[in-house]
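*Asks:* Provided below for reference: sequence and predicted model.
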Amino acid sequence: MTSRMKPKHQRLVLACLALFATLGAGGLALSALKDEAAFFYAPADVAGDLPSPDRAVRLGGMVEKGSVHRLGDGVSMNFVVTDGKASVPVRFTGVAPDLFREGSGVVAEGHFRPDGSFAADNLLAKHDERYMPPQMAGKMAPEMTRPQ
Amino acid sequence: MPIFHALANPARFQKLARPLTPLCFWAGVALALFGCWAGLTRTPADYLQGETVRILYIHVPCAWLGMGGWSALALASIAYLVWRHPLAAVAARAIAAPGALFAGLCLVTGSIWGRPTWGTWWQWDGRLTSMLLLFFVYIAYIALSRADAERGGDGRIPALFGVAGTILLPVIRYSVIWWNTLHQGQSIGLTGSTIAPSMLWPLWFTLSGFSLFFAGLVLMRMRAMLARQKVEARMRRMAAV
(Lines give C-alpha, C1' and ligand atoms only; values in the text may rest on other atoms or scores of the structure.)
Protein backbone atom coordinates (compact mmCIF):
# COMPACT_ATOMS: atom_id res chain seq x y z
CA MET A 1 0.00 0.00 0.00
CA THR A 2 1.25 3.44 -0.83
CA SER A 3 2.04 5.61 2.13
CA ARG A 4 -0.14 8.55 1.00
CA MET A 5 -3.72 8.42 -0.23
CA LYS A 6 -5.20 10.95 -2.58
CA PRO A 7 -7.49 13.43 -0.78
CA LYS A 8 -10.39 12.05 -2.82
CA HIS A 9 -9.79 8.56 -1.45
CA GLN A 10 -9.33 9.86 2.07
CA ARG A 11 -12.72 11.51 1.82
CA LEU A 12 -14.25 8.32 0.42
CA VAL A 13 -12.95 6.29 3.36
CA LEU A 14 -14.08 8.95 5.81
CA ALA A 15 -17.54 9.20 4.27
CA CYS A 16 -17.99 5.41 4.32
CA LEU A 17 -16.85 5.28 7.95
CA ALA A 18 -19.27 8.07 8.80
CA LEU A 19 -22.14 6.26 7.08
CA PHE A 20 -21.46 2.97 8.86
CA ALA A 21 -21.02 4.76 12.19
CA THR A 22 -24.38 6.51 11.69
CA LEU A 23 -26.20 3.32 10.73
CA GLY A 24 -24.54 1.54 13.65
CA ALA A 25 -25.58 4.34 16.01
CA GLY A 26 -29.16 3.89 14.82
CA GLY A 27 -28.93 0.17 15.54
CA LEU A 28 -27.42 0.76 18.98
CA ALA A 29 -30.10 3.32 19.80
CA LEU A 30 -32.73 0.76 18.85
CA SER A 31 -31.38 -1.97 21.10
CA ALA A 32 -30.65 0.43 23.97
CA LEU A 33 -34.21 1.76 23.85
CA LYS A 34 -35.68 -1.71 23.60
CA ASP A 35 -37.64 -1.50 26.85
CA GLU A 36 -38.22 2.23 27.03
CA ALA A 37 -39.60 2.48 23.50
CA ALA A 38 -41.92 -0.52 23.77
CA PHE A 39 -45.47 0.40 22.88
CA PHE A 40 -47.04 -2.01 25.37
CA TYR A 41 -46.28 -4.54 28.11
CA ALA A 42 -46.60 -8.19 27.16
CA PRO A 43 -48.13 -10.40 29.89
CA ALA A 44 -44.73 -12.03 30.47
CA ASP A 45 -43.15 -8.59 31.07
CA VAL A 46 -45.37 -7.91 34.05
CA ALA A 47 -45.48 -11.44 35.50
CA GLY A 48 -42.94 -10.60 38.24
CA ASP A 49 -43.49 -6.92 38.96
CA LEU A 50 -46.82 -5.28 38.26
CA PRO A 51 -46.80 -1.60 37.18
CA SER A 52 -48.43 0.44 39.94
CA PRO A 53 -52.23 0.79 39.62
CA ASP A 54 -52.11 4.59 39.27
CA ARG A 55 -49.98 4.42 36.11
CA ALA A 56 -51.69 4.46 32.71
CA VAL A 57 -50.13 1.63 30.71
CA ARG A 58 -50.82 -0.53 27.69
CA LEU A 59 -51.07 -4.30 27.67
CA GLY A 60 -50.65 -6.18 24.40
CA GLY A 61 -50.91 -9.77 23.21
CA MET A 62 -53.32 -12.23 21.70
CA VAL A 63 -56.93 -12.55 22.81
CA GLU A 64 -57.13 -16.11 24.13
CA LYS A 65 -59.56 -18.30 22.20
CA GLY A 66 -62.82 -18.85 24.02
CA SER A 67 -62.02 -16.27 26.69
CA VAL A 68 -64.30 -13.41 25.58
CA HIS A 69 -67.40 -13.11 27.77
CA ARG A 70 -69.79 -10.23 27.28
CA LEU A 71 -71.48 -9.03 30.42
CA GLY A 72 -75.18 -8.44 31.00
CA ASP A 73 -74.90 -4.63 30.87
CA GLY A 74 -74.24 -4.84 27.11
CA VAL A 75 -71.09 -2.67 27.07
CA SER A 76 -68.64 -4.58 29.27
CA MET A 77 -66.67 -7.71 28.56
CA ASN A 78 -64.01 -9.92 30.09
CA PHE A 79 -61.26 -11.61 28.14
CA VAL A 80 -57.74 -12.96 28.61
CA VAL A 81 -54.63 -11.51 26.95
CA THR A 82 -51.80 -13.98 26.48
CA ASP A 83 -48.35 -14.02 24.90
CA GLY A 84 -47.91 -17.78 25.17
CA LYS A 85 -45.83 -17.49 28.34
CA ALA A 86 -48.18 -15.68 30.69
CA SER A 87 -51.71 -14.35 30.57
CA VAL A 88 -53.65 -11.50 32.16
CA PRO A 89 -57.44 -11.24 32.62
CA VAL A 90 -58.85 -7.98 31.21
CA ARG A 91 -62.12 -6.16 31.90
CA PHE A 92 -63.18 -3.64 29.25
CA THR A 93 -66.16 -1.29 29.10
CA GLY A 94 -66.79 0.47 25.80
CA VAL A 95 -66.84 -0.06 22.06
CA ALA A 96 -64.25 -2.52 20.73
CA PRO A 97 -62.75 -1.97 17.24
CA ASP A 98 -64.11 -4.08 14.37
CA LEU A 99 -60.99 -6.20 14.18
CA PHE A 100 -61.14 -7.18 17.85
CA ARG A 101 -61.64 -10.95 17.93
CA GLU A 102 -60.52 -14.11 19.65
CA GLY A 103 -57.17 -15.45 18.50
CA SER A 104 -56.15 -12.05 17.13
CA GLY A 105 -53.84 -9.34 18.49
CA VAL A 106 -55.01 -6.60 20.83
CA VAL A 107 -53.51 -3.63 22.68
CA ALA A 108 -55.49 -2.54 25.74
CA GLU A 109 -55.02 0.92 27.29
CA GLY A 110 -55.77 1.25 30.98
CA HIS A 111 -54.20 0.25 34.30
CA PHE A 112 -53.43 -2.84 36.34
CA ARG A 113 -55.44 -3.66 39.43
CA PRO A 114 -53.60 -4.79 42.56
CA ASP A 115 -54.89 -8.35 42.04
CA GLY A 116 -52.99 -8.60 38.73
CA SER A 117 -55.97 -8.14 36.41
CA PHE A 118 -56.17 -5.27 33.92
CA ALA A 119 -58.86 -2.58 33.65
CA ALA A 120 -59.02 -1.33 30.05
CA ASP A 121 -60.68 1.89 28.98
CA ASN A 122 -59.70 1.64 25.31
CA LEU A 123 -58.92 -1.23 22.95
CA LEU A 124 -56.78 -1.16 19.78
CA ALA A 125 -56.82 -4.09 17.39
CA LYS A 126 -53.44 -5.35 16.24
CA HIS A 127 -53.31 -7.43 13.09
CA ASP A 128 -50.35 -9.38 11.81
CA GLU A 129 -48.35 -9.08 8.61
CA ARG A 130 -50.32 -11.69 6.70
CA TYR A 131 -52.92 -10.73 4.10
CA MET A 132 -55.01 -13.30 2.26
CA PRO A 133 -58.43 -13.89 0.75
CA PRO A 134 -61.08 -15.49 3.03
CA GLN A 135 -60.98 -18.88 1.25
CA MET A 136 -57.29 -19.20 2.00
CA ALA A 137 -57.72 -18.09 5.60
CA GLY A 138 -60.04 -21.06 6.17
CA LYS A 139 -57.30 -23.49 5.18
CA MET A 140 -54.72 -21.76 7.32
CA ALA A 141 -56.92 -21.41 10.39
CA PRO A 142 -54.79 -23.50 12.81
CA GLU A 143 -51.68 -21.46 12.09
CA MET A 144 -53.50 -18.19 12.62
CA THR A 145 -53.74 -18.73 16.33
CA ARG A 146 -49.98 -18.53 16.85
CA PRO A 147 -49.05 -15.77 19.28
CA GLN A 148 -46.82 -13.00 17.95
CA MET B 1 -18.13 3.90 -11.74
CA PRO B 2 -17.38 4.95 -15.35
CA ILE B 3 -21.12 5.54 -15.83
CA PHE B 4 -21.12 8.06 -12.98
CA HIS B 5 -18.06 9.77 -14.36
CA ALA B 6 -19.77 10.10 -17.73
CA LEU B 7 -22.94 11.43 -16.07
CA ALA B 8 -20.94 13.91 -14.03
CA ASN B 9 -20.67 16.05 -17.15
CA PRO B 10 -23.72 18.37 -16.89
CA ALA B 11 -24.07 18.71 -20.68
CA ARG B 12 -24.14 14.94 -21.11
CA PHE B 13 -26.51 14.62 -18.17
CA GLN B 14 -28.88 17.17 -19.73
CA LYS B 15 -28.82 15.32 -23.03
CA LEU B 16 -29.76 12.07 -21.28
CA ALA B 17 -32.25 13.61 -18.85
CA ARG B 18 -34.25 15.45 -21.53
CA PRO B 19 -35.86 12.34 -23.07
CA LEU B 20 -35.72 10.34 -19.82
CA THR B 21 -37.83 12.80 -17.80
CA PRO B 22 -41.16 12.43 -19.66
CA LEU B 23 -40.49 8.71 -20.15
CA CYS B 24 -40.11 8.06 -16.39
CA PHE B 25 -42.96 10.39 -15.53
CA TRP B 26 -45.61 9.02 -17.90
CA ALA B 27 -44.56 5.37 -17.64
CA GLY B 28 -44.75 5.80 -13.86
CA VAL B 29 -48.21 7.38 -14.03
CA ALA B 30 -49.46 4.60 -16.33
CA LEU B 31 -48.07 1.77 -14.19
CA ALA B 32 -49.34 3.33 -10.95
CA LEU B 33 -52.83 3.89 -12.41
CA PHE B 34 -52.96 0.32 -13.68
CA GLY B 35 -51.77 -0.98 -10.31
CA CYS B 36 -54.42 1.07 -8.46
CA TRP B 37 -57.15 -0.10 -10.82
CA ALA B 38 -56.07 -3.74 -10.44
CA GLY B 39 -55.80 -3.35 -6.67
CA LEU B 40 -59.30 -1.89 -6.46
CA THR B 41 -61.07 -4.30 -8.80
CA ARG B 42 -58.97 -7.36 -9.56
CA THR B 43 -57.96 -8.65 -6.14
CA PRO B 44 -59.93 -10.39 -3.37
CA ALA B 45 -60.69 -8.62 -0.10
CA ASP B 46 -58.71 -9.58 2.99
CA TYR B 47 -60.04 -12.31 5.32
CA LEU B 48 -59.72 -9.99 8.33
CA GLN B 49 -59.78 -6.38 7.10
CA GLY B 50 -62.14 -6.75 4.16
CA GLU B 51 -61.95 -3.99 1.53
CA THR B 52 -59.88 -1.71 3.78
CA VAL B 53 -56.75 -3.66 2.86
CA ARG B 54 -56.69 -2.09 -0.62
CA ILE B 55 -55.06 1.10 0.68
CA LEU B 56 -51.89 -0.98 0.95
CA TYR B 57 -51.33 -0.54 -2.81
CA ILE B 58 -50.68 3.16 -2.12
CA HIS B 59 -49.39 3.09 1.44
CA VAL B 60 -46.54 0.62 0.79
CA PRO B 61 -45.07 2.46 -2.26
CA CYS B 62 -45.21 5.75 -0.31
CA ALA B 63 -43.35 4.23 2.64
CA TRP B 64 -40.83 2.63 0.30
CA LEU B 65 -40.18 5.92 -1.51
CA GLY B 66 -40.04 7.92 1.72
CA MET B 67 -37.21 5.70 2.93
CA GLY B 68 -35.71 5.00 -0.50
CA GLY B 69 -35.67 8.74 -1.17
CA TRP B 70 -33.53 9.38 1.89
CA SER B 71 -31.17 6.52 0.94
CA ALA B 72 -30.69 8.14 -2.48
CA LEU B 73 -30.28 11.58 -0.91
CA ALA B 74 -27.61 10.20 1.45
CA LEU B 75 -25.75 8.46 -1.38
CA ALA B 76 -25.78 11.65 -3.45
CA SER B 77 -24.54 13.58 -0.40
CA ILE B 78 -21.65 11.14 0.06
CA ALA B 79 -20.81 11.37 -3.65
CA TYR B 80 -20.74 15.15 -3.28
CA LEU B 81 -18.59 15.06 -0.14
CA VAL B 82 -16.11 12.64 -1.72
CA TRP B 83 -15.88 13.78 -5.36
CA ARG B 84 -17.06 17.38 -4.80
CA HIS B 85 -19.12 17.21 -7.96
CA PRO B 86 -21.89 19.85 -8.08
CA LEU B 87 -24.29 17.53 -9.91
CA ALA B 88 -24.42 15.23 -6.86
CA ALA B 89 -25.42 18.19 -4.67
CA VAL B 90 -28.12 19.13 -7.18
CA ALA B 91 -29.40 15.53 -7.13
CA ALA B 92 -29.59 15.48 -3.32
CA ARG B 93 -31.50 18.77 -3.24
CA ALA B 94 -33.84 17.58 -6.01
CA ILE B 95 -34.71 14.40 -4.09
CA ALA B 96 -35.65 16.16 -0.84
CA ALA B 97 -39.06 17.58 -1.79
CA PRO B 98 -40.52 14.46 -3.46
CA GLY B 99 -39.07 12.39 -0.62
CA ALA B 100 -40.85 14.57 1.94
CA LEU B 101 -44.04 14.36 -0.14
CA PHE B 102 -44.04 10.56 -0.12
CA ALA B 103 -43.06 10.31 3.56
CA GLY B 104 -46.02 12.62 4.28
CA LEU B 105 -48.34 10.55 2.06
CA CYS B 106 -47.17 7.43 3.90
CA LEU B 107 -48.18 9.00 7.22
CA VAL B 108 -51.54 10.19 5.88
CA THR B 109 -52.51 6.90 4.19
CA GLY B 110 -51.30 4.99 7.25
CA SER B 111 -53.50 7.13 9.47
CA ILE B 112 -56.52 6.58 7.21
CA TRP B 113 -55.80 2.84 7.28
CA GLY B 114 -55.26 2.77 11.04
CA ARG B 115 -58.66 4.23 11.95
CA PRO B 116 -60.82 1.34 10.65
CA THR B 117 -58.36 -1.47 11.41
CA TRP B 118 -56.59 -0.60 14.66
CA GLY B 119 -59.27 1.77 15.89
CA THR B 120 -57.05 4.87 16.05
CA TRP B 121 -55.81 7.64 13.75
CA TRP B 122 -52.47 7.93 15.51
CA GLN B 123 -50.46 6.26 18.24
CA TRP B 124 -46.93 7.00 19.38
CA ASP B 125 -45.59 3.56 18.55
CA GLY B 126 -42.04 2.94 17.33
CA ARG B 127 -42.79 2.64 13.61
CA LEU B 128 -45.18 5.59 13.39
CA THR B 129 -42.99 7.88 15.47
CA SER B 130 -39.77 7.10 13.58
CA MET B 131 -41.52 7.68 10.23
CA LEU B 132 -42.84 11.03 11.49
CA LEU B 133 -39.26 11.91 12.50
CA LEU B 134 -38.07 11.10 8.96
CA PHE B 135 -40.70 13.48 7.59
CA PHE B 136 -39.43 16.25 9.90
CA VAL B 137 -35.83 15.46 8.92
CA TYR B 138 -36.77 15.93 5.25
CA ILE B 139 -38.31 19.33 6.10
CA ALA B 140 -35.20 20.27 8.07
CA TYR B 141 -33.00 19.25 5.14
CA ILE B 142 -35.01 21.41 2.73
CA ALA B 143 -34.75 24.42 5.06
CA LEU B 144 -31.03 23.83 5.64
CA SER B 145 -30.12 23.40 1.97
CA ARG B 146 -32.09 26.54 1.05
CA ALA B 147 -30.45 28.58 3.77
CA ASP B 148 -27.06 27.26 2.70
CA ALA B 149 -27.70 28.13 -0.96
CA GLU B 150 -28.96 31.63 -0.07
CA ARG B 151 -25.89 32.37 1.99
CA GLY B 152 -23.67 31.20 -0.85
CA GLY B 153 -22.51 28.09 0.96
CA ASP B 154 -20.85 25.22 -0.87
CA GLY B 155 -23.50 22.68 0.19
CA ARG B 156 -21.21 20.73 2.48
CA ILE B 157 -23.35 21.26 5.59
CA PRO B 158 -26.60 19.96 4.02
CA ALA B 159 -24.59 17.01 2.64
CA LEU B 160 -23.35 16.14 6.14
CA PHE B 161 -26.93 16.44 7.39
CA GLY B 162 -27.98 14.07 4.59
CA VAL B 163 -25.50 11.47 5.81
CA ALA B 164 -26.44 11.95 9.48
CA GLY B 165 -30.14 11.47 8.68
CA THR B 166 -29.53 7.86 7.65
CA ILE B 167 -29.57 7.06 11.37
CA LEU B 168 -33.36 6.87 11.04
CA LEU B 169 -33.39 4.25 8.28
CA PRO B 170 -32.40 1.22 10.43
CA VAL B 171 -34.64 2.54 13.21
CA ILE B 172 -37.68 2.59 10.91
CA ARG B 173 -36.79 -0.71 9.29
CA TYR B 174 -36.25 -2.68 12.51
CA SER B 175 -38.69 -0.83 14.79
CA VAL B 176 -41.36 -3.48 14.27
CA ILE B 177 -38.91 -6.32 14.90
CA TRP B 178 -36.98 -5.10 17.92
CA TRP B 179 -39.71 -3.22 19.75
CA ASN B 180 -43.24 -4.32 20.31
CA THR B 181 -45.37 -1.97 18.28
CA LEU B 182 -48.96 -1.53 17.17
CA HIS B 183 -47.78 -1.65 13.56
CA GLN B 184 -47.52 -5.21 12.29
CA GLY B 185 -44.24 -6.77 11.18
CA GLN B 186 -42.65 -6.80 7.77
CA SER B 187 -44.77 -8.45 5.05
CA ILE B 188 -42.29 -8.45 2.19
CA GLY B 189 -38.75 -9.64 2.81
CA LEU B 190 -35.91 -10.94 0.69
CA THR B 191 -37.06 -14.52 1.19
CA GLY B 192 -40.71 -14.07 0.35
CA SER B 193 -43.92 -12.39 1.32
CA THR B 194 -46.77 -13.05 3.73
CA ILE B 195 -49.25 -11.41 1.36
CA ALA B 196 -51.21 -13.98 -0.65
CA PRO B 197 -50.00 -13.98 -4.31
CA SER B 198 -53.51 -13.18 -5.55
CA MET B 199 -53.40 -9.93 -3.53
CA LEU B 200 -49.72 -9.12 -3.99
CA TRP B 201 -49.29 -8.71 -7.75
CA PRO B 202 -50.81 -5.20 -8.23
CA LEU B 203 -48.37 -3.97 -5.58
CA TRP B 204 -45.46 -4.58 -7.97
CA PHE B 205 -47.17 -2.29 -10.50
CA THR B 206 -47.79 0.52 -8.01
CA LEU B 207 -44.29 0.10 -6.52
CA SER B 208 -42.55 0.36 -9.90
CA GLY B 209 -45.01 3.02 -11.10
CA PHE B 210 -44.57 5.30 -8.07
CA SER B 211 -40.79 4.78 -8.25
CA LEU B 212 -40.63 5.81 -11.91
CA PHE B 213 -42.89 8.77 -11.17
CA PHE B 214 -40.51 9.72 -8.34
CA ALA B 215 -37.51 9.44 -10.69
CA GLY B 216 -39.34 11.63 -13.21
CA LEU B 217 -39.99 14.29 -10.55
CA VAL B 218 -36.34 14.23 -9.45
CA LEU B 219 -35.05 14.57 -13.03
CA MET B 220 -37.50 17.41 -13.65
CA ARG B 221 -36.29 19.27 -10.56
CA MET B 222 -32.63 18.64 -11.39
CA ARG B 223 -33.09 20.07 -14.87
CA ALA B 224 -34.91 23.10 -13.47
CA MET B 225 -32.13 23.70 -10.93
CA LEU B 226 -29.40 23.38 -13.57
CA ALA B 227 -31.31 25.74 -15.86
CA ARG B 228 -31.64 28.29 -13.06
CA GLN B 229 -27.91 28.06 -12.36
CA LYS B 230 -27.25 28.71 -16.05
CA VAL B 231 -29.56 31.72 -16.06
CA GLU B 232 -27.92 33.16 -12.98
CA ALA B 233 -24.46 32.65 -14.46
CA ARG B 234 -25.53 34.39 -17.68
CA MET B 235 -27.09 37.29 -15.76
CA ARG B 236 -23.87 37.74 -13.83
CA ARG B 237 -21.87 37.76 -17.06
CA MET B 238 -24.23 40.33 -18.58
CA ALA B 239 -24.03 42.49 -15.50
CA ALA B 240 -20.24 42.42 -15.70
CA VAL B 241 -20.19 43.60 -19.31
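*Replies:* Looks like it came in fine. Bear in mind that the values here come from a model prediction, so they are computed numbers and not experimental data.

*Asks:* Model confidence score at B:L7, please.
*Replies:* As predicted, B:L7 sits at a pLDDT of 68.

*Asks:* where do the strands sit along chain A?
*Replies:* A:57-63, A:69-70, A:76-82, A:87-93, A:105-112, A:118-126 (DSSP state E).

*Asks:* Adding mean neighbour count as columns, could you present the ones you listed in JSON lines?
*Replies:* No exception for glycine: its C-beta is placed from N, CA and C like everyone else's. Formatted as JSON lines, those follow (neighbours: other C-beta atoms under 10 Å in any protein chain shown):
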{"stretch": "strand A:57-63", "mean neighbour count": "23"}
{"stretch": "strand A:69-70", "mean neighbour count": "11"}
{"stretch": "strand A:76-82", "mean neighbour count": "20"}
{"stretch": "strand A:87-93", "mean neighbour count": "19"}
{"stretch": "strand A:105-112", "mean neighbour count": "22"}
{"stretch": "strand A:118-126", "mean neighbour count": "21"}
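
*Asks:* mind checking which of those is nearest chain B?
*Replies:* strand A:118-126 (5.0 Å; C-beta to the nearest C-beta).

*Asks:* who touches that closest one?
*Replies:* Residues outside strand A:118-126 that contact it (C-beta atoms under 8 Å, 6 or more residues apart in numbering or on different chains): A:59-60, A:81, A:88-94, A:96-100, A:104-113, A:148, B:117-120, B:123, B:182, B:184.

*Asks:* Try it again at 7 Å.
*Replies:* A:59-60, A:88, A:90-92, A:94, A:96-97, A:99-100, A:104-113, B:117-120, B:123, B:182, B:184 (C-beta atoms under 7 Å, 6 or more residues apart in numbering or on different chains).

*Asks:* How about the contacts made by the nearest residue to B:L144 once chain neighbours are set aside?
*Replies:* Distances taken as C-beta to C-beta, 6 or more residues apart in numbering or on different chains place B:P158 nearest to B:L144, at 5.0 Å, with adjacent residues excluded. If you count contacts by C-beta under 7 Å, 6+ apart, B:P158 has them with B:Y141, B:L144, B:S145, B:D148.

*Asks:* Would you mind giving the residues you listed as JSON lines with secondary structure, neighbour count and distance to B:G39 added?
*Replies:* Below are these laid out as JSON lines (DSSP: H, G, I helix; E, B strand; the rest coil; neighbours: other C-beta atoms under 10 Å in any protein chain shown; distance: C-beta to C-beta, whole Å):
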{"residue": "B:Y141", "secondary structure": "helix", "neighbour count": "26", "distance to B:G39": "32"}
{"residue": "B:L144", "secondary structure": "helix", "neighbour count": "17", "distance to B:G39": "37"}
{"residue": "B:S145", "secondary structure": "helix", "neighbour count": "21", "distance to B:G39": "35"}
{"residue": "B:D148", "secondary structure": "helix", "neighbour count": "19", "distance to B:G39": "41"}
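
*Asks:* which among those gets closest to chain A?
*Replies:* Using C-beta to the nearest C-beta, the contacts of B:P158 come closest to chain A at B:Y141, 14.5 Å.

*Asks:* Check the gap between that closest one and A:S31 for me.
*Replies:* 27 Å (C-beta to C-beta, to the nearest Å).

*Asks:* Next: B:F13.
*Replies:* Taking C-beta to C-beta, one finds B:F13 at 42 Å from A:S31.

*Asks:* Likewise for A:M136?
*Replies:* Distance from A:M136 to A:S31, by C-beta to C-beta: 36 Å.

*Asks:* Which residue ranges make up the domains of chain A?
*Replies:* What automatic domain parsing lists as the domains of chain A is A:1-34, A:43-145.

*Asks:* Let me know which of the ones you listed is tucked in deepest.
*Replies:* Among the domains of chain A, domain A:43-145 has the highest mean neighbour count (mean count of other C-beta atoms under 10 Å in any protein chain shown), at a mean of 16.

*Asks:* Output the below-cut-off pLDDT ranges for chain A.
*Replies:* Within chain A, the stretches with pLDDT under 70 are A:1-3, A:138-148.

*Asks:* Next: chain B.
*Replies:* Looking at chain B by pLDDT under 70, you get B:1-7.

*Asks:* Assign a three-state SS to B:A143, would you?
*Replies:* Using DSSP: H, G, I helix; E, B strand; the rest coil, the structure places B:A143 in helix.

*Asks:* Skip the chain neighbours and tell me the closest residue to residue 27.
*Replies:* The chain I'm using is chain A. B:P170 (5.2 Å).

*Asks:* that's the other chain; I wanted chain B
*Replies:* In space, B:A27 is closest to B:L212, 5.2 Å off (C-beta to C-beta, 6+ apart).

*Asks:* What about residue 39, how many residues nearby?
*Replies:* No chain specified, so I'll use chain A. 22 (other C-beta atoms under 10 Å in any protein chain shown).

*Asks:* Wait, chain B was what I had in mind.
*Replies:* Neighbours around B:G39, by other C-beta under 10 Å: 21.
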